[in-house]
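S.K.: Output the structure for:
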Amino acid sequence: MMTTKQTILSLLISACSLPAIGQVSSDVIYRFDDEPLACIISDVTDEEIKYKDLENREGPDYVIKKDKALLVFKENGDFLLPGEGNPDWVTAVDHSAHKIITKDHHIYQAQFLEVQGTIINFQDNQTQTERKIDTDEVLLVIYRSGRHELFAPPDEVAEGLNQTSQKMDDYTPPPVKTTAEKAPSGEVIELDEDQKLHFEKMAEVKANDFGKYLRIISTKEEDEEDKLYAIEAACKLFISDSSKIEVSSLNNEKRQYTVPKYLDRLRMIPYDKVELIWMQAQLVSKLRPGEDGKYYGVIAAQQLFRGYLDNKIAYQDVTEKNIEVVLARYEVFDEGVKKQKWDVFLSDIGVQQTREK
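M.R.: Numbers count the residues shown, from 1 in each chain. The predicted model follows:
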């Protein structure tokens with residue numbers, strides 16, 4: 001019998017067994033005139049960086065001279081600039097917000113962030129407004145998880161971080177230069193029928209995995225740590241934390257919440273016991289190309305909800321939902337390696353109908 005964590009892990013593995021954005025976490029050493037080195041850093045001295053092979057974490061230490069390293073990133077988001085005379089690690093991660101570091105040495109803090117082609121959409125933490133910035137203006141993004149993405153060559157990033165490392169906690173950004181009218185290139189890669197079928201099946205798998213996470217999050221008997229783990233895993237299914245989930249009740253009242261807010265509310269729902277059954281999700285609109293270079297489709301699903309008080313059903317309904325799914329192509333400098341990746345994500349979830357059970 002699998003534990004809850006094993007169940008969640010198996011869902012994550014099934015979701016990532018096809019082309020996906022998820023990567024094996026690692027430290028990265030960016031070297032002068034050489035490929036970035038993904039590894040596990042074991043020690044840093046005045047003159048050397050010791051590291052282990054990513055595929056053999058218990059194996060021997062390897063050594064690179066500090067003057068051969070341009071920029072070093074730890075898995076947790078801390079970075080080191082050995083070539084700039086800065087001997088100490090800089091703590092860059094803010095677990096409450098993503099950080100966008102620009103070429104003009106400003107730092108944006110973002111609650112929600114999504115990379116779409118050459119545009120980064122984000123919610124500005126200071127103004128609580130949605131904004132856009134062109135990736136040509138950006139050095140790198142440091143996500144609140146610790147993961148980083150470079151949008152400029154490593155030497156340019158290192159020089160920029162040397163200017164901003166002392167103000168990682170500052171937040172005084174200027175107006176974003178990119179106008180809202182600027183859009184991604186819109187290039188559409190044609191998929192053949194086998195590829196479409198592959199990704200359509202993947203979309204259904206992810207939608208059903210989302211239902212399994214909902215059951216874990218809403219079950220009162222589940223361990224709180226497991227619930228938080230399920231929330232994190234569920235969020236990774238969506239193209240953005242700012243995707244909206246619509247909820248309704250039998251009185252036809254509809255509200256929208258961002259994905260993290262919806263899941264946290266579900267975790268805290270005020271019933272003694274909750275039954276949430278996510279019925280088989282099926283693609284009802286085949287993947288079709290959009291003008292922005294992505295593919296879009298729609299999945300239909302039903303959700304049965306029962307809330308109990310004093311061992312009696314206090315409320316129940318069946319909600320018919322439509323889930324927008326997005327097949328997106330990314331070309332990023334991710335964890336030291338420039339790759340082109342496709343993945344299917346869930347997007348906005350809307351309510352079609354709520355009825356009595």
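S.K.: can we go C-alpha only for contacts and neighbour counts from here?
M.R.: OK.
S.K.: any idea how far Asp343 is from Pro289?
M.R.: Computed with C-alpha to C-alpha, to the nearest Å, the distance linking Pro289 and Asp343 is 14 Å.
S.K.: between these two, which one's more packed in?
M.R.: Asp343 (21 against 18; other C-alpha atoms under 10 Å).
S.K.: Look up which residues are beta-bridged to that one.
M.R.: Residues in a beta bridge with Asp343, per DSSP bridges, are Ala328.
S.K.: Hmm, it is touching Tyr295, no?
M.R.: No. At 10.4 Å, Asp343 does not count as touching Tyr295 under the criterion of C-alpha atoms under 8 Å.
S.K.: who touches both of those two?
M.R.: When contacts are counted by C-alpha atoms under 8 Å, 6 or more residues apart in numbering, Asp343 and Tyr295 have Leu327, Ala328 as shared neighbours.
S.K.: Report the secondary structure state of Phe210.
M.R.: helix (DSSP: H, G, I helix; E, B strand; the rest coil).
S.K.: Read off the pLDDT value for it.
M.R.: Per-residue pLDDT puts Phe210 at 89.
S.K.: Show me the contact partners of stretch 258-272.
M.R.: Outside stretch 258-272, the residues that reach it (C-alpha under 8 Å, 6+ apart) are 214, 217-218, 220, 227, 231, 235, 241-245, 307-311.
S.K.: Next up, phi/psi of Lys227, please.
M.R.: phi -60, psi -50 (degrees, to the nearest 10).
S.K.: ok, of the contacts of stretch 258-272, which come out buried?
M.R.: 214, 217-218, 220, 227, 231, 235, 241-245, 307-308 (16 or more other C-alpha atoms under 10 Å).
S.K.: Mark which of the residues you listed are part of strands, please.
M.R.: Judged by DSSP state E, strands contain the following of the buried ones among the contacts of stretch 258-272: Lys244, Ile245, Gly307, Tyr308.
S.K.: Roughly how far does the closest residue to the second one other than its chain neighbours sit from Asp33?
M.R.: With sequence-adjacent residues excluded and distances taken as C-alpha to C-alpha, 6 or more residues apart in numbering, Ile245 is closest to Ile349, at 4.7 Å. As for Ile349, its distance to Asp33 is 46 Å (criterion: C-alpha to C-alpha).
S.K.: Over to Glu232?
M.R.: In terms of C-alpha to C-alpha, Glu232 sits 37 Å off from Asp33.
S.K.: Of the two, which one has the most company?
M.R.: More crowded of Glu232 and Asp33, by other C-alpha under 10 Å: Glu232, with 14 against 11.
S.K.: and Pro174, what pLDDT?
M.R.: 47.
S.K.: Same check on Ile8?
M.R.: At Ile8, the pLDDT value in this model is 50.
S.K.: And the one 10 residues further on, by the same measure?
M.R.: Each residue has a pLDDT score; the one for Leu18 is 32.
S.K.: which intervals of the stretch 251-357 of the chain have sub-threshold pLDDT?
M.R.: Scanning the stretch 251-357 of the chain for pLDDT under 70 picks out 251-252, 330-341, 356-357.
S.K.: mind listing what the closest residue to Asn322 other than its chain neighbours touches?
M.R.: Leaving aside its chain neighbours, Asn322 sits nearest to Ala300 (4.7 Å; criterion: C-alpha to C-alpha, 6+ apart). Taking C-alpha under 8 Å, 6+ apart, we find Ala300 in contact with Ala281, Gln282, Leu283, Val284, Glu320, Lys321, Asn322, Ile323.
S.K.: Please dump the ones in strands among the buried ones among the contacts of stretch 258-272 into TSV; it should also carry distance to Ala158 for every row.
M.R.: Formatted as TSV, those follow (distance: C-alpha to C-alpha, whole Å):
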residue	distance to Ala158
Lys244	36
Ile245	39
Gly307	54
Tyr308	56
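S.K.: how much space between the spatially most central residue of the chain and Val259?
M.R.: Nearest residue to the geometric centre of the chain (C-alpha atoms, centre = their mean): Lys236, 5.1 Å. Distance of Lys236 to Val259, given as C-alpha to C-alpha: 10 Å.
S.K.: which secondary structure elements does the helix or strand hosting Leu197 contact?
M.R.: Here Leu197 sits within helix 193-218, counting by DSSP states H and E. Using 3 or more C-alpha pairs under 8 Å, 6 or more residues apart in numbering; DSSP states H and E, the elements in contact with helix 193-218 are helix 4-16, helix 224-235, helix 259-267, strand 273-278, strand 282-289, strand 337-355.
S.K.: And that helix, what's buried?
M.R.: Those would be 196, 199-200, 202-218, for helix 193-218 by 16+ other C-alpha under 10 Å.
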